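Q: I need the structure of the sequence given here:
(2 chains)
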Amino acid sequence: MRIRFVLPGILLLVSLVLSGCLSVETPQGFAEISPFPAYRAISPEGVRYSIRTVQNYPPQDLKFWGQALKNHLQAEGYLLIRPEERFEAANREGLIFEWGLPYRNQSYIYLTAIMLWEKDIVIAEAAGEKELYARYREALIESLRSLNPQ
Amino acid sequence: MGRRRHAAAVLPALLLAAVLTGPPGAAAEEFLFHSIRATLLVADPEAAGERLAAWAEAVGGYPLLTSHNRVLLRFPAAEIPGLRDLLASSAEELAEFSSEARDLREEILGLEAGMRSREEILAKNLTYLDRADVTGTLAIEREVMQLLEEIEALKGRLRRLSNDRRLAMAEIYLNFLEQALPEDIPSSFSWINRVDFYRYMEGDFLR
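A: Residues are numbered from 1 along each chain as shown, chains lettered A, B, ... in the order given. Below you'll find the model as predicted:
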């Protein structure tokens, strides 16, 4: 009797959890450390890559959030190393910003990418020493293009 | 009467000079070799170099050299304003930009005249061949070879100058901008406050 009430509830919960999930292909050469909702992967040399989501609040479009992020990081002193780039994943548009920063006497590149997905903002970050980052850049962008709601 | 005769003698010479030197303006512009020298301070010299090389190819030119801190480009002279805009937009600071133009007319005319005179001597030498004995033939042959070499060298220099007329050259030095550590400025949007490279490298990623 109890099972008859509990089972549909569990199924509903599972379907709600699954419908709210994203999937992404791990960049070539990276190892996945943890799955969604806090996806993280790392290369053998230590190039980091992660994806998380936050609520799109106050509700705004991609252009607004892109501008807000860019303005904030530039005001802090981050240097945009190339013009922002657009990417497409699951018929949604996203924005990629790549920043140059000094870290432990080396030059690092920090990638920040955002896209809107339902009521959330998907935030991807990646960082690595400049040469290493350049080696994995294509793989990282390919991975961003593979973002997909499950 | 004497003055009129003098004018009649001088006029063709002036006309010839005008034809050789060409009128000022558009025609003169065609004989100019433009060269640009610039120094940029950029966050990523390599990426900036790649962008400049891609730009040169897109406007019908080509990169002669791209290294981690220097780029040499050949590109149509009409694109100089475009290059300046590109440099200004892709650099954190445009530390130096200088351009100069060299008139190639005198050099081109000199080379063409040199070629013509050598071709004439060559033609004459070839007519002597029929009448020459063995020693004479060998001497003429040596001179013909020498003339052919000189004509080829002059042709090569003319080709280079004609390329210089068509394409400007830019030598661009790319220096890494010594960057200060970013400051921590709070944003009105809480999620943006968590987008922070140093937090990411020293904690956030591993949690």
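Q: give the helix, strand or coil label for residue A:95.
A: strand (DSSP: H, G, I helix; E, B strand; the rest coil).
Q: can you give me the strands for chain A?
A: Here chain A has its strands, by DSSP state E, at A:22-23, A:31-34, A:39-42, A:48-55, A:79-80, A:85-89, A:92-103, A:106-117, A:120-129, A:148-149.
Q: so residue A:23 makes contact with residue A:36?
A: Yes. If you go by C-beta atoms under 8 Å, residue A:23 and residue A:36 touch, sitting 7.1 Å apart. C-beta: built from backbone N, CA, C; applies to glycine.
Q: among the strands of chain A, which is nearest residue B:162?
A: strand A:85-89 (39.6 Å; C-beta to C-beta).
Q: quick one: mean pLDDT over that closest one.
A: Across strand A:85-89, pLDDT averages out at 95.
Q: packing partners of it?
A: strand A:92-103, strand A:106-117, helix A:130-145 (3 or more C-beta pairs under 8 Å, 6 or more residues apart in numbering or on different chains; DSSP states H and E).
Q: check whether the last one comes near chain B.
A: Put plainly, it is helix A:130-145. Yes. Against chain B, helix A:130-145 shows contacts by C-beta under 8 Å from any C-beta of the partner chain at A:130, A:134.
Q: got a pLDDT number for the most centrally placed residue in chain A?
A: In chain A, the centroid-proximal residue (C-alpha atoms, centre = their mean) is residue A:124; its distance is 2.0 Å. Reported pLDDT at residue A:124 in the predicted model: 97.
Q: that one reaches residue A:110, doesn't it?
A: No. Using C-beta under 8 Å, residue A:124 is not in contact with residue A:110; the gap is 11.3 Å.
Q: give me the element the spatially most central residue of chain B is part of.
A: Taking C-alpha atoms, centre = their mean, the centroid of chain B lies closest to residue B:169, which sits 3.0 Å from it. For residue B:169, the element it lies in under DSSP states H and E is strand B:167-176.
Q: each with direction, which strands does that strand pair with?
A: strand B:32-42 (parallel), strand B:70-76 (antiparallel) (DSSP bridges).
Q: let me know the angle separating the first one from strand A:92-103.
A: Going back to what we said before, that points to strand B:32-42. Interaxial angle of strand B:32-42 relative to strand A:92-103 (axes from the mean of the first three to the mean of the last three C-alpha atoms, to 10 degrees): 80 degrees.
Q: residues contacting the next helix or strand after strand B:32-42, please?
A: Proceeding C-terminally, strand B:32-42 gives way to helix B:45-58 as the next helix or strand, assigned by DSSP H and E. Applying C-beta atoms under 8 Å, 6 or more residues apart in numbering or on different chains, the set of residues contacting helix B:45-58 from outside is A:81-82, A:130, A:134, B:40, B:42, B:62-63, B:66-71, B:73-75, B:82-83, B:86, B:90-91, B:172, B:174-176.
Q: buried among these? Need that as a selection in ChimeraX.
A: Here is the ChimeraX command that selects the buried residues among these (16 or more other C-beta atoms under 10 Å in any protein chain shown):
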select /A:81,82,130 /B:40,42,63,66,71,73,74,75,83,86,90,91,172,174,175,176
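Q: just put the helices and strands packed on strand A:85-89 in CSV and tack on mean pLDDT.
A: Below are the helices and strands packed on strand A:85-89 laid out as CSV (pLDDT from 0 to 100):
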stretch, mean pLDDT
strand A:92-103, 92
strand A:106-117, 92
helix A:130-145, 94
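Q: deepest of the ones you listed, which one?
A: strand A:106-117 (a mean of 22; mean count of other C-beta atoms under 10 Å in any protein chain shown).
Q: which strands or helices does that one pack on?
A: Strand A:106-117 sits against helix A:62-76, strand A:85-89, strand A:92-103, strand A:120-129, helix A:130-145, with contacts defined as 3+ C-beta pairs under 8 Å, 6+ apart.
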